[in-house]
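> Sequence below, structure please.
(one chain, ligands or ions: 2)
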Amino acid sequence: MSSWINECLPEHLARDGCIKAVGQADVIRNEFSEATFERIIDCSGKCVLPGLVDAHTHPVWAGDRVHEFAMKLAGASYMEIHQAGGGIHFTVEHTRAASEAELLAGLQQRLGRMLRAGSTLVECKSGYGLDLHTELKMLRAIERARTSTDIGISSTYCGAHAVPRGKTAAEATDDIINNHLPKLKELKLSGEIQVNNIDVFCEKGVFDLESTRRILQAGKDIGLQINFHGDELHPMKSAELGAELGARAISHLEEVSDEGIVAMARAKCAAVLLPTTAYMLRLKQPQARKMLEEGVIVALGSDFNPNAYCFSMPMVMHLACVNMKMSMNEALAAATINAAYALGKSDTHGSLEVGKQGDLLIINSSRWEHLIYQFGGHEALINYVIVKGKVIYENERCEAMGSY
Ligand SMILES: N=CN[C@@H](CCC(=O)O)C(=O)O
Ligand SMILES: [Zn+2]
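Ligands and ions are numbered 1, 2, ... in the order given. Next comes the predicted model:
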């Protein structure tokens, strides 16, 4: 990969923001000798990579949960904090109290940090409202970010992220199916908001398999792609359910069964692995090697949220290599083309191919592997972030850095 990547030039992007040609510099130079370019970037000694795709984030919320990090370091488990009213419930309380403008400001700032860490397409979930009013406020903030920022967004309705206080799981399921989803359908049809995916936290003590099935099927019926949290803390048979329902992707999967892995491979349902969460919560690692051997499409996500506060897909790839035993090539594919697949966007995103969207990174090293190897070093390595052929971020600090 590195040999042709080193030789392709990012200047060959058409006005529509799509890649016009990829190949040897001299061949391309001849082909386009008559063309004029707004800008030409000399990439000698650098690498050109596809923009990174982050297949799982929760970037819309208010309220600081840094105190919970201390609680976890002192031994509290994720579910203990959740059941005591912290975790998602804490964030729900603060997100309900925040205005749409406040949520949008926080979201834009976080998306900017993701972009500077090399992500050009990110999945963004709602899920800290749980009531219809706040879920819609979050989805509107995502919609406004989509039109006001350069980063690509795939938006996910995650109203079944937790059972809201005062409701049983059965009541919450009925509320989602009878009230939330019909309203979403109406807003989608009127063009007021775009929602691409439906998500449920399928977990013991949250939504069981049957409620998950009902919600996901109802979401699919209004045209949403199924992309949900499953088999994270307990084996739930989420993978089997996802395969049966035609899910596009399932995230986490630390506790997936062998049968679930086989079912996902057969159904071409992507596994979105989240190395920051397994690391932060000291969970057992998902079996990435087994999934790859069985032919599952393995993608990666940062899982950015108040529990796992990491924006950086380069760091996620590093953790996937060290803790999940993925190779650097596998991690790069998982953070680009496979993550695009998990979002239903691999026809247009995730690789440097003629006709695809011109989303790319230029890194200040002749070996692309440095982006993974230098843990936390991406801030100085990423020289340019380009979206639809336009330089969105140019990092002056890079020039002073050596190639290694
Ligand atoms: N597991 C459920 N949801 C998130 C955590 C959300 C939170 O703790 O605020 C996750 O994917 O890790
Ligand atoms: Zn999540």
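> C-alpha only now, for contacts and for neighbours.
Noted.
> can you list the residues of the protein near ligand 1?
Residues of the chain lying close to ligand 1 by Cα under 6 Å from any ligand atom are 87, 88, 201, 277, 303, 305, 306, 307.
> Now do the third one against residue 267, distance only.
When you say that, I think you mean residue 201. Per Cα to Cα, to the nearest Å, residue 201 is found 21 Å from residue 267.
> Those two: which has the busier surroundings?
Set residue 201 next to residue 267 and count neighbours by other Cα atoms under 10 Å: residue 201 wins out with 25 against 18.
> Confirm that the more buried one sits in a strand.
Yes - counting by DSSP: H, G, I helix; E, B strand; the rest coil, residue 201 is part of a strand.
> which residues sit against stretch 335-345?
Here stretch 335-345 makes contact (Cα atoms under 8 Å, 6 or more residues apart in numbering) with 50-55, 123, 154, 227, 248-249, 269-272, 297-301, 313, 317, 333, 346, 349-351.
> who touches the residue in the stretch 101-250 of the chain that ligand 1 sits nearest to in this structure?
Going by Cα to the nearest ligand atom, ligand 1 is nearest to residue 201 of the stretch 101-250 of the chain, at 5.9 Å. Counting by Cα under 8 Å, 6+ apart, residue 201 touches 160, 161, 162, 207, 212, 228, 229, 230.
> Report the contact partners of the residue of the stretch 51-200 of the chain found nearest ligand 1.
Proximity of the stretch 51-200 of the chain to ligand 1 (Cα to the nearest ligand atom) peaks at residue 88, 4.3 Å away. Applying Cα under 8 Å, 6+ apart, one finds that residue 88 lies in contact with 82, 128, 162.
> hang on, the earlier thing: so what's the residue of the stretch 101-250 of the chain closest to ligand 1 bridging to?
residue 229 (DSSP bridges).
> can you give me the offset of stretch 238-254 from its chain's centre?
Centroid separation for stretch 238-254 versus its chain: 16 Å, with Cα atoms, centre = their mean, to the nearest Å.
> Can you list the neighbours in contact with it?
Residues from elsewhere that reach stretch 238-254 (Cα under 8 Å, 6+ apart): 56, 202, 209, 213, 217, 225-233, 256-257, 259-261, 263-264, 266-274, 278, 283-287, 342-344.
> Please pick the buried ones from those residues.
Buried positions within the contacts of stretch 238-254, assessed by neighbour count (16 or more other Cα atoms under 10 Å), are 56, 202, 209, 213, 217, 225-233, 256-257, 260-261, 263-264, 267-274, 278, 285-287, 342-344.
> Which members of the residues you listed are positioned in strands?
In strands, judged by DSSP state E, the following of these are found: 202, 225, 226, 227, 228, 229, 230, 270, 271, 272, 273.
> Since that was my last question, I'll sign off now.
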